[in-house]
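Enquirer: here is my input, please return the structure:
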Amino acid sequence: MKQHRGALTIANLIFAVLTILGGIGQAQTFDHPHPKGDMNDIGFYQPSSSTESYPILQGKEVRNIIFCIGDGMGLGQVMLAQMKAAGVGSKLYMERMPVVGIFRTHSANALVTDSAAAGTALAAAVKTNNGMLGMTPDGKKYQTILEAAKAKGMATGLVATSAITGATPAAFASHVKSRYMHEKIAEHLVENKVNVLLGGGRKFFLPKSDIHSGRKDEKDLINVAKRAGYTYVQTAEELKSAQGPYLLGLFQLGPLTTKSPEPTLAQLTAKAIEVLNHTEKMLFSSKKGFFLMVEGSQIDWACHDNDANSTLRQTLLFDEAVKVAIEFALKDKRTLVVVTADHETGGLTIEGGNLRGDDLHVSWSTKGHSALPVPIYALGPRAGMFSGVYDNTEVPKKFAQLLGIKPFPKAME
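Expert: Got it, this is the predicted structure:
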């Protein structure tokens, strides 16, 4: 590591200007008035009344997997949310999970990954270049753990607060050279017959002739999905009564607002679990289970903006969804819940404050992603497999092992 001191270089001058304009690298007083108004409000979040670890569930085989990914969520983001929610002695719901590990996040071509390469590692157990989805740098496509679960007869689902065609959900059910190929990704999601698809991104499903379309062709993927057996919903009210076995919910043209009257991430997660749990019992008399990926997409975006208030809110919204998954798992006894991040964003550091979580001061080292390893939390049968320090590609390999999927990773024909 080199340190540069002394003469003011052009790079240093640019950095100084950016620091003045954007607060890069400087401590940010957390309680500073925030221009987004209600983004400061965390009254929706009810902290856990206990700090005890949830029980370790033993003696059962894994039937269901709920994989929760907080995009950009490192230990700094977790601690920020925990401190502001209830103070230094508290725990988020994810922090009460009994097994904790850590993994590295680099991509095939960079120490600092993007969400596409990280998502591919977490879905297909292979390294790829930043920007690529579901394939290695040479263009060879690899089966994802969701696709493998589906082939095994399991019900499958994807939930996100981004467009459902965003990099992380796309990594589990599409194979494209660029994460920005949203039109093709939307086609892949429907073609793959993922049982539950809930998020934003309606514009990528609408034909070009529709004024709100984001497509360059006349494919009407919503009608294609309906003909394939999907129930289609656009509002929280429609979601309440919707049933499977196939459910497509697109609640915004682009990403979700994460505000009322939209369903919350926790509500989306609860509905996905309800539909998938019912679907696997309805379609498969042998109860082959389900695989669900839930992404808190906008933690990452808040961190890119170096916005501590929004980072807090998005992390707590995500933790609410984690709580839903945990509660189901504790009742079901055969569900594994794994919570992690694809990478850390912002280089978030807490520099000061008091033990009550008041007057916190945080700083950011970047407006991009960082190379920091990220935490992973697990609860349920065989959760102990996720302790230790390892590479991100090991996560779906562990899923495959628990579900009896071989071989994995697996190149597609």
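
Enquirer: what about Ile326, how many residues close to it?
Expert: 23 (other Cβ atoms under 10 Å). For the C-beta atoms, the positions are set from N, CA and C on the backbone; glycine is no exception.

Enquirer: what helix or strand is it on?
Expert: Taking DSSP states H and E as the definition, one finds Ile326 inside helix 308-332.

Enquirer: residues of that helix that come out buried?
Expert: When burial is assessed from 16 or more other Cβ atoms under 10 Å, helix 308-332 yields the following buried residues: 308-326, 328-329, 332.

Enquirer: tell me how far that helix lies from the chain's centre.
Expert: 11 Å (Cα atoms, centre = their mean, to the nearest Å).

Enquirer: on contacts alone, who are the packing partners of that helix?
Expert: Counting contacts by 3 or more Cβ pairs under 8 Å, 6 or more residues apart in numbering; DSSP states H and E, helix 308-332 is packed against strand 64-70, helix 75-86, strand 155-163, helix 265-283, strand 290-296, helix 298-304, strand 335-340, strand 374-379.

Enquirer: and the last one, what's its mean pLDDT?
Expert: Yep, that's strand 374-379 we're talking about. On average, the pLDDT along strand 374-379 is 98.

Enquirer: send me that strand as PDB with only the CA atoms.
Expert: Output in PDB follows, covering the C-alpha atoms of strand 374-379 (Å, rounded to 0.1, in the frame of the first residue of the first chain):
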ATOM      1  CA  VAL A 374     -19.200  -9.400   3.700                       C
ATOM      2  CA  PRO A 375     -20.900 -11.300   6.600                       C
ATOM      3  CA  ILE A 376     -23.200 -14.300   6.100                       C
ATOM      4  CA  TYR A 377     -25.800 -15.400   8.600                       C
ATOM      5  CA  ALA A 378     -27.600 -18.800   8.700                       C
ATOM      6  CA  LEU A 379     -30.500 -20.400  10.500                       C
END
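
Enquirer: from the contact counts, what lies against the helix or strand immediately after that strand in the chain?
Expert: Going down the chain from strand 374-379, the next helix or strand is strand 388-391, by DSSP H and E. Packing partners of strand 388-391 (3+ Cβ pairs under 8 Å, 6+ apart): strand 99-104.

Enquirer: what does the strand it packs on contact?
Expert: Strand 99-104 is contacted by residues 56, 340, 373-379, 383-384, 386-392, 394-395 when judged by Cβ atoms under 8 Å, 6 or more residues apart in numbering.

Enquirer: show me what contacts the residue nearest the centre of the chain?
Expert: In the chain, the centroid-proximal residue (Cα atoms, centre = their mean) is Glu295; its distance is 2.4 Å. Glu295 is in contact with 68-71, 158-162, 166, 168-169, counting by Cβ under 8 Å, 6+ apart.

Enquirer: from Thr269, how far out is it?
Expert: Counting by Cβ to Cβ, to the nearest Å, the separation of Glu295 from Thr269 is 10 Å.

Enquirer: before we move on, the earlier item: drop anything exposed from the contacts of strand 99-104.
Expert: By 16+ other Cβ under 10 Å, these give 340, 373-379, 383, 386, 390, 392, 394-395 as buried.

Enquirer: from those residues, which is closest to Cys303?
Expert: For these, the minimum distance to Cys303 (Cβ to Cβ) is 12.5 Å, reached by Val374.

Enquirer: so what's the closest residue to the closest one other than its chain neighbours up against?
Expert: Leaving out its chain neighbours, the residue that sits closest to Val374 by Cβ to Cβ, 6 or more residues apart in numbering is Ala341, at 4.2 Å. Applying Cβ under 8 Å, 6+ apart, one finds that Ala341 lies in contact with 69-74, 299, 374-375.

Enquirer: which residues are in contact with Ser107?
Expert: Contacts of Ser107 by Cβ under 8 Å, 6+ apart are 113-114, 117-118, 121, 127-130.

Enquirer: how about 7 Å then?
Expert: With contact set as Cβ atoms under 7 Å, 6 or more residues apart in numbering, Ser107 has these partners: 113-114, 117-118, 127-130.

Enquirer: great, nothing more from me.
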